[in-house]
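Sharing a model prediction with you, sequence too.
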Amino acid sequence: MPHILIRPEAPDDDPAISGLIATAFGPGAYARAAFRVREQAPHAPEFSFVAVLEERIAASVRLTPITVGGEDMGFLLGPLVVDPPLKSRGYGKALVRHALAAASERGVRFVILVGDEPYYGPLGFVRLPPGRVAMPGPCDPRRLLVAELEAGVGDRLAGIIAGKAAA
């Protein structure tokens, strides 16, 4: 993997990130349940990062504050996007690790995502207990994963995931 720079997302990065999202998810991206949560609250700039390769954004990850039932201090990870020609080089995984480390250092209790367990499992994500947590729209419950940054918090989560707007 060539050297990449991981840095916090800046406001000027939004057009490039929006382009990556459109390329990765297509026109139906905003109909997905995870995007419904993201419409309820803006992503947290302090937990959103880009990977820069040769002065251009190669990948992006964002975390959005959420609540699940009465539990807060959690985030929804995504979208995680990588420029298609650069996929399978480790940029996405490096961004996820970086975002989880930043979140853990600042007291975040859990991070949830909708994704594939074989990809995210090695990064610390496990499947949520069936039927306990749901997205505000159609979502395969087998793809609802959590990284417990506070031990045992995943077992206490129950309810519908909602975006948490800043107070």
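Looks like it arrived, so ask away.

which one's the longest helix in the chain?
Longest helix of the chain, by residue count under DSSP state H: helix 91-105.

Tally up the residues packed near Pro65, please.
A count of nearby residues for Pro65, using other Cβ atoms under 10 Å, gives 22. C-beta coordinates here come from the backbone N, C-alpha and C atoms, glycine included.

Kindly report the same for Arg109.
Quick note: Arg109 (other Cβ under 10 Å) scores 20 neighbours.

Can you tell me which helices and strands the least confident helix or strand in the chain by mean pLDDT packs against?
Lowest on mean pLDDT, DSSP states H and E among the helices and strands of the chain sits helix 33-40, with a mean of 81. Judged by 3 or more Cβ pairs under 8 Å, 6 or more residues apart in numbering; DSSP states H and E, helix 33-40 is in contact with strand 56-68, strand 71-82, strand 110-114, strand 159-163.

rewinding a little: report the distance from the longest helix of the chain to the chain centre.
Counting by Cα atoms, centre = their mean, to the nearest Å, helix 91-105 is centred 10 Å from the centre of its parent chain.

what sits against the nearest residue to Leu113 once chain neighbours are set aside?
The shortest distance from Leu113 to any non-neighbouring residue, by Cβ to Cβ, 6 or more residues apart in numbering, is to Leu77 (4.1 Å). Residues near Leu77 by Cβ atoms under 8 Å, 6 or more residues apart in numbering: 61-63, 96, 99, 111-113, 147.

wait, what's in contact with His43?
Neighbours of His43 in contact, by Cβ under 8 Å, 6+ apart: 62-64.

any idea how far the residue lying farthest from the centre of the chain lies from Ile17?
Most distant residue from the mean C-alpha position of the chain: Glu54, 24.3 Å away (Cα atoms, centre = their mean). Distance of Glu54 to Ile17, given as Cβ to Cβ, to the nearest Å: 17 Å.

again, but for Phe49
11 Å.

Between the two, tell me which one has more neighbours.
Shown here are Phe49 and Ile17; by other Cβ under 10 Å, Phe49 has more neighbours (23 against 20).

does that one have beta-bridge partners, and which?
Taking DSSP bridges as the rule, Phe49 bridges to Pro8, Val61.
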